[in-house]
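A.B. asks: pasting a predicted model and its sequence here:
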Amino acid sequence: MPTTVTAAVSRKPGEEFQIEELRLDDPRPDEVLVRYTAAGLCHTDLEAAAGNLPTPHPVVLGHEGAGTVEAVGAAVTGFAPGDRVVLSLDSCGVCPNCLAGQPAYCDHHVPLNFHSRRADGSVGLRDASGDPVHDHFFGQSSFASHGLAHPRGLVKVDADLPLTTLAPLGCGLITGAGAVFNSLRVRAGSSVAVFGLGAVGLAALMAAVASGATRVIAVDRNPERLSLATELGATDVIDASTADAAEAIRELTAGRGVDHSVESTGVVPVMNAAVSVLAPLGSAAVLGVAALDADLRANAFELLKGRTVTGSVMGHQAPGLLVPRLLDLYRSGRFPLDRLVTTYPLADINQAVADVRAGSTVKAVLTHRA
C-alpha cells in the first residue's frame, strides 16, 4: 500500500517551499523505503528550487538525508529494515567510473541526480489531486518524512550516532573533506588556504587540520565564520571584506604562496584568487558551483611551475568509504561536524533557507520527527 508522507514541495522555480501531504509508492524490487529523521539543506537544493539546474517542478528536493530503512525491495541485498543510514548521490553502478569506485563521476550523473525521476522516467510521489510530483532527487528526495532510494546511495551508520548531526555527510561535508583527503592529498607539514567558510569550506578546513597541515588560512567576509574557523584550527584568518585575500596570503607566506587551496564560493574572482596564491607545485581544488558560462583563468606561465587546478565532486571517493573515515575522525574529536549544524523542523524550511542565505546559519538540518 502507498505510504502517506509529509514533504516540502518546490512547486514552481523561485517560490517558497510548501508543506504538503503526498502519496509515496511502495518500493520497487531494486529500491529501499527510508523513513527520514533529518536532511541537510544544501546550496544545490536552493539552486534547483530557483530553477537554475535541470530539475523539473513540482519536486521534492533534499539530498543529504539520514534515517532508518523501513522496507526493502525483493532484489535488494545488504540492507534490512531497522538499518540506520546516511544517504548520498545516485549512480548507475556499471559505467567505467562507477566500477572504478568513483560514483560521483558516473556517466549518468546528471539524469540520475538532477532530473528527479527514475531511469525509466517514472516518479514515486503523487499529490492530493493525483498529479505526479518529482522525486528521486539525487536518488532520495529527503525533504520528506519518507522516500525511495537505491541501495547504491546508502551508507550504514552506528546506532549511537545522532542522525541530525550526520545528515550533512551525504554531500556538503564529504565534498569539502574529500577534496582535501583525496583530490589534493594534503600531507602533514603543508600549508592550505580555504576560500569560503560555509559548510563545505569548514569541512575542508577541519580535514586540513586533521591531515596535519601546519598552516591553515581561512578566508571569508563573515566575522563569525572567521571566529569559528579559528576555533576549528585555522592558524590565520583573512577578512576578505577589508583585505585583498591573495595579497594577504602572499604576505603571510613571505611571497611563496600555499601548497594547496580550496575554493568553495562559486565566485569566479575568488576561484582565480585561489589559483593565484599557489606555490610552485601547488594544487587548487575548485568546489564552488559557478554559472555555466563562468570563465576560470590561470596564467599559462605560472602553470609551468608545476601548479595544478582540479575540480572535485562529492569527495572524489565513494561515500561508502569516505563517510566511515569521517565518522572515525568525528568520534576521536578531530572532525567536530556538530559545530556546524543548526536544526529546524521541516515545517520551518523557508526560515532555514532565509537564515542560510543571510549567513547566520552555517549548516541547516531539517528534522522530520523527534
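C.D. replies: Okay, I see it. Residues are numbered from 1 along each chain as shown.

A.B. asks: give me the contact list for the helix or strand Val155 falls within.
C.D. replies: Using DSSP states H and E, Val155 falls within strand 154-156. With contact meaning CB atoms under 8 Å, 6 or more residues apart in numbering, strand 154-156 is reached by 32, 34, 69, 79, 83-88, 169, 319-320, 323-324. Yep, even glycine has a C-beta here, placed from its N, CA and C like the rest.

A.B. asks: what is the nearest of those to Gly212?
C.D. replies: Set against Gly212, the nearest of the contacts of strand 154-156 by CB to CB is Pro324 (20.2 Å).

A.B. asks: can you count the residues close to the closest one?
C.D. replies: By other CB atoms under 10 Å, the residues close to Pro324 number 16.

A.B. asks: now it. Nearest residue, chain neighbours left out?
C.D. replies: Leaving aside its sequence neighbours, Pro324 sits nearest to Val155 (CB to CB, 6 or more residues apart in numbering; 7.4 Å).

A.B. asks: just Met206 next, same as before
C.D. replies: Leaving aside its chain neighbours, Met206 sits nearest to Phe335 (5.2 Å; criterion: CB to CB, 6+ apart).

A.B. asks: what of Glu47?
C.D. replies: Leu53 (5.2 Å).

A.B. asks: thinking again about what came up before, Gly121: which of the contacts of strand 154-156 is nearest?
C.D. replies: Each of these was scored against Gly121 by CB to CB, and Val32 proved nearest at 20.2 Å.

A.B. asks: so who does the closest one touch?
C.D. replies: By CB under 8 Å, 6+ apart, the contact set of Val32 is 69, 71-73, 76, 79, 148-151, 154.

A.B. asks: ok, of the residues you listed, which one's closest to Arg23?
C.D. replies: Arg23 has its nearest neighbour among the contacts of Val32 in Leu148, at 12.2 Å by CB to CB.

A.B. asks: the closest one pairs with what?
C.D. replies: Beta bridges link Leu148 to Leu33, judged by DSSP bridges.

A.B. asks: from Ser283, how far out is it?
C.D. replies: 39 Å (CB to CB, to the nearest Å).

A.B. asks: same check on Leu226?
C.D. replies: For Leu226, the distance to Ser283 - CB to CB - is 24 Å.
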